[in-house]
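**Student:** sharing a model prediction with you, sequence too.
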Amino acid sequence: MATTTADVPLPVPRDADFRTCPVTFLKVDIAAEKLIIFNAVAAVVCLLLGGIFALLIGLTRWQAVHLLDPVWFYRLITAHGIDMLVAWIVFFEIAGLYFGSTVMLNARMVYPKVGWAAFALMVAGGLLVNYIVLFGEFNEAAIMFTAYVPLEGHPLFYLSYILFAVGALVAVILFFINITVAKREGTYQGSLPLVVFGLATAAILAVYTLISGALTFVPAFLWSIDVIPYYDPEIYRSLFWGFGHPAQQVNLAAMVAIWYALAAITVGAKPLNERFSRLAFIFYLFFINLGSAHHLLVDPAMGFAYKTFNTSYAMYLAVLGSLMHAFSIPAAVEVAQRLKGFTRGAFEWLRNAPWREPGFSGLVLSMVIFGWIGGVTGVTLGTEQINMTAHNTMRLPGHFHSTVVGGTTLAFMALTYYLIPLIFRKELKLKRLAIWQPYLFGIGMVLSSVGMIVSGIQGVSRRHWDISFANATFPVTLPGTVDLSLAVMGIGILLAVTGGIFFMAVVLVSVFTGPRTEANKLLLVAGDNNPLVESLQVSQKDMEQPHAQPKGTFILVIAFLAFFALYYFSNWWLLGRTWFVQ
C-alpha cells in the first residue's frame, strides 16, 4: 500500500517555549530565537573580518597607495573572498531561513540540537580556513578563492570547506523540516507567505550548490593527502563552478525575499500580484544556475553549443525573473504610497517616501546598485563574445561587488536594523548613524564598482598585485586614465568601509548595551505606525482604483531598459573596435 505524506509520523513534539512579539503579533520560539541570534552574530563577525581585508586589498589595488606586499595581498584576497562571499552571507542566510521557517509561520524549531550542530560545523570550518589562509605556508595558502587544480592547498583548507558546507546543508535541511512540520501542525493557512517562498527558493538552490561543493572539495581533500593520485583540472573547474556561481544565486533569491520584507516593513507594500512574484522565483529555480557556464568559456570540455545556449539564450530566462521582481517591488511601494494620499504626478509617492528610514533607503539603494550596475553588467559579461575579452579584467570584480556587496550585503544590513529590536530585543542605538549608513555605504559601493569596471575596460587585470608590470616577462602599457579610475575605486572603498564601520557601531552598541526589552514599534526612525498591519487592510479593489496605478514605476522601468540597451550595445561597439578589418 502506498504511503502518503500524511501517513509519515510527526517528529516527537518538544515543549517549545514561545513568546509573542508585541509589534508583529507573531509567536517566537525561544530556541529558534537563540539560533537566529548566534548565526547573525557569526555573520557580523565575518563581515567585520572581510571588511578589514577589503580595506587593505583596496588600498593595494589603488596603485598610488599600493599598501601590501605580494604575500599578504594574496593571503588577504583569498580570506576576503571566503569571509565575505561565503561565510558572512551564508551565516546570515541561515539566520534568515530559521526566522522564515519558525517566526514567520508561528511555528517551532523542530530539532534545535541539529541547528546547534550545524552551527558548530560552520564555525569550525570558518575558523580553520582563516587560520590556514592567513598563517599557513604561503605556497599552500595562496591558491586563491578558486583553488584551481593542479594548484594544491593544505589538506585542512579543503577540510574547512567541507565542514562549512556540511553544516550549511544540515541547516538548510532543517529549514525544510520546519516548514513541513509547520504545515502539518496547521500553524499557518494556505501557501507559504511570499517572503518564506523566496527563502525556500534560496534553500532549494542551496542544496544543489552545497552538494556541488562537496563533490568539488571531497576529492580535492583526498588528493591532497595522497589517497587519490590525480585530480583532473577540468572536472574540478566544472564542479567548482557548480558551487561558486550558484552560491551567488542563493544570495540573489534570499536578497529578493528580503526586498519584499523591507517593502512591507517600511511602507506596508503588498505585491500587486503574488502569482507574478512567485513565478519569478520559479524562473530562478530552473534557469539561474545556467549562467555558471560563463566561467568555462575557454575550457575545452564544454562544447560551443552548450556554451552559447547557456550564456546567450537560456540565461535570459533567469534575467526575466529578476526583471519581474524589479517591476513588482517598486510598483508595490508606489501603490502603497498612493493609497496613503501621495497621488499627484508620477513621483509624489517617491518624493514623500520614508527616506530617513534605513530599511527603506537600504532597500532602494540595494535595488538600484544591484540592478542598474550589477544586473546590467552581469548580463553583458555573461554574453560569450564580450566575456572572452573581459572575464580576467577588473570588470568582473566590479560586477560582483555591485551585486554581492552593493546589493545583497546592503539589503542584509537594512534588515538587521529590524532584527535588533524584534529578535535581539534591544533598543536600536546611534539612530543618526543608522540613517546615514545606507547612503554612505551605497555611494561608496557605486564609486568602487564603477571604478573597477572602468579600470577593467582599460585593461587592468583582475587579480594582479601590481598593475605596473615592472618585472613582467611581457610588459603591458596601460592608459594614464587608469590612475583616475583606480582613485575613484579607492575613494569608494574608503567610503564603503566607513559605512561598514557605522553599521558595526550601531549593531554592537545596540546589542551589547542596555537592558533587554520588548519592541514597542516597527519603524525605527520614520514613526510609530505599523505598516505591516496597515498593508493587511489594503484590499485588491483598492489597488485596482485609478489613483493606485503604478505610473511612476512604468517610467522607471522604461528608463532602466533604455540604459540596459545602451550599455549592452555599446559593449558590442567596443568589441567591434578590437579588431581592425581592412
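**Tutor:** Okay, I see it.
**Student:** now do the same contact list for residue 187.
**Tutor:** Taking Cβ atoms under 8 Å, 6 or more residues apart in numbering, we find residue 187 in contact with 105, 106, 107. C-betas here are computed from N, CA, C, even on glycine.
**Student:** shouldn't it be within a strand?
**Tutor:** No. Applying DSSP: H, G, I helix; E, B strand; the rest coil, one finds residue 187 to be coil, outside a strand.
**Student:** right, and residue 327 touches residue 557 too?
**Tutor:** Yes. Between residue 327 and residue 557 a contact is recorded at 5.6 Å, counting by Cβ atoms under 8 Å.
**Student:** make a markdown table from the contacts of residue 187 and add pLDDT to it.
**Tutor:** As requested, the contacts of residue 187 are arranged in a markdown table below (pLDDT from 0 to 100):
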| residue | pLDDT |
| --- | --- |
| 105 | 93 |
| 106 | 91 |
| 107 | 92 |
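**Student:** scan these and report the most crowded one.
**Tutor:** Neighbour counts for the contacts of residue 187, by other Cβ atoms under 10 Å, peak at residue 107, which reaches 25 neighbours.
**Student:** same question for the helix or strand residue 335 falls within: list its buried residues.
**Tutor:** Assigned by DSSP states H and E, residue 335 belongs to helix 315-338. Applying a neighbour-count criterion of 16 or more other Cβ atoms under 10 Å, one finds 315-316, 318-319, 321-338 buried in helix 315-338.
**Student:** would you mind identifying the next helix or strand past that helix?
**Tutor:** That would be, after helix 315-338 and using DSSP H and E, helix 348-351.
**Student:** thought residue 94 was touching residue 254, still the case?
**Tutor:** No. Checked against Cβ under 8 Å, the pair residue 254 and residue 94 is beyond contact range at 10.1 Å.
**Student:** between these two, tell me which one has more neighbours.
**Tutor:** residue 94 (30 against 27).
**Student:** so that one lies in a helix, does it not?
**Tutor:** Yes. Residue 94 forms part of a helix when assessed by three-state DSSP.
**Student:** I'd like to know how far it sits from residue 50.
**Tutor:** Note on residue 94: its distance to residue 50, by Cβ to Cβ, to the nearest Å, is 17 Å.
**Student:** kindly report the same for residue 76.
**Tutor:** In terms of Cβ to Cβ, residue 76 sits 10 Å off from residue 50.
**Student:** pick out whichever of these two has more residues nearby.
**Tutor:** Using other Cβ under 10 Å, the more surrounded residue of residue 76 and residue 50 is residue 50, with 25 against 22.
**Student:** and stretch 571-581, what's its mean pLDDT?
**Tutor:** The average pLDDT within stretch 571-581 is 75.
**Student:** and the helices in the stretch 301-450 of the chain, which stretches?
**Tutor:** Remark: helices assigned in the stretch 301-450 of the chain by DSSP state H, counting those that start in this stretch are 304-309, 315-338, 348-351, 358-368, 376-381, 384-390, 395-400, 410-422, 431-457.
**Student:** mean pLDDT lowest where, among those helices?
**Tutor:** helix 304-309 - the lowest mean pLDDT of those, at a mean of 77.
**Student:** buried stuff in that one?
**Tutor:** Of all the residues in helix 304-309, those buried under the rule 16+ other Cβ under 10 Å are 307, 308.
**Student:** any chance you could list what contacts that helix?
**Tutor:** Here helix 304-309 makes contact (Cβ under 8 Å, 6+ apart) with 293, 296, 297, 384.
**Student:** one more pass at 7 Å, please.
**Tutor:** Residues from elsewhere that reach helix 304-309, judged by Cβ atoms under 7 Å, 6 or more residues apart in numbering: 293, 297, 384.
**Student:** how near is the second one to residue 308?
**Tutor:** So the one you mean is residue 297. 10 Å.
**Student:** understood, closing this out.
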